[in-house]
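**Q** need a 3D model of the following:
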Amino acid sequence: MKHTVTVRVASNLMTSLKIFSMMSSLALAILPMLIYSNGKEIFHLEVNLFMTISIIGLACFLTTVSIIYLSSRFSPIQSLQIRKKLILFTEQLTKQTEDGKLKHSVKWHYKVKDKKITIQLYSNGLVDDKRKLGGQLSEFIAENLLSYKEASQYVIFIFGQFPARLNGKEVLENDQL
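**A** Model prediction:
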């Protein structure tokens, strides 16, 4: 399955939305309990209502934190991890340079299969030295660059683990290859 990432905008907006959703769900979990504990004699409040609101807020908070964790570069799901690393690498690469109202657009196609990561880069003229970019990307995603192919419109990088080396003496003695 091939995944596509197109990076056009700064992540400041997404970060603000994540923080807002996390804080509002945490407030939804905590505030009803504080209101109930301080105002139950004054307002004669029903505990079930406040407990339900707190549980809903806690569920929203846990869901938000789980989504943020799974979409981070530390995600246990490798395809989501690669997606976030490509977004961060692109932001670092472009440094959000703007030409008036136009932002640079970089498109990535990536696929994770059999412990190999295949990445296609459509840089739209943003990157001149694509071979150097492969080394930087390899360093950034912490994978070995196995192969590199350059076409007119895109570049293909294949990352993964190098095959195990054969011991020549052992191969000759056992007559196996």
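**Q** right, and the helix or strand after the lengthiest helix in the chain?
**A** If you go by DSSP state H, the chain has its longest helix at helix 12-43. For helix 12-43, the following helix or strand on the C-terminal side (DSSP states H and E) is helix 47-70.
**Q** which strands or helices does that following helix pack on?
**A** With contacts taken as 3 or more CB pairs under 8 Å, 6 or more residues apart in numbering; DSSP states H and E, helix 47-70 sits against helix 12-43. For glycine as for every other residue, the C-beta is placed from the backbone atoms N, C-alpha and C.
**Q** buried stuff in the helix it packs on?
**A** Going by neighbour count (16 or more other CB atoms under 10 Å), the buried part of helix 12-43 is 18, 21, 22, 25, 26, 28, 29, 32, 36.
**Q** closest one to residue 63 out of the residues you listed, please.
**A** If you rank those by distance to residue 63 using CB to CB, residue 25 comes first, at 7.8 Å.
**Q** isn't the closest one right up against residue 64?
**A** Yes - the pair residue 25 and residue 64 passes the contact test of CB atoms under 8 Å, sitting 5.5 Å apart.
**Q** starting at the chain centroid, how far to the longest helix of the chain?
**A** Offset of helix 12-43 from its chain centre (CA atoms, centre = their mean, to the nearest Å): 27 Å.
**Q** mean confidence for stretch 70-78?
**A** Within the predicted structure, the mean pLDDT of stretch 70-78 is 92.
**Q** how is this protein carved up into domains?
**A** Domain segmentation of the chain under automatic domain parsing yields 11-70, 78-160.
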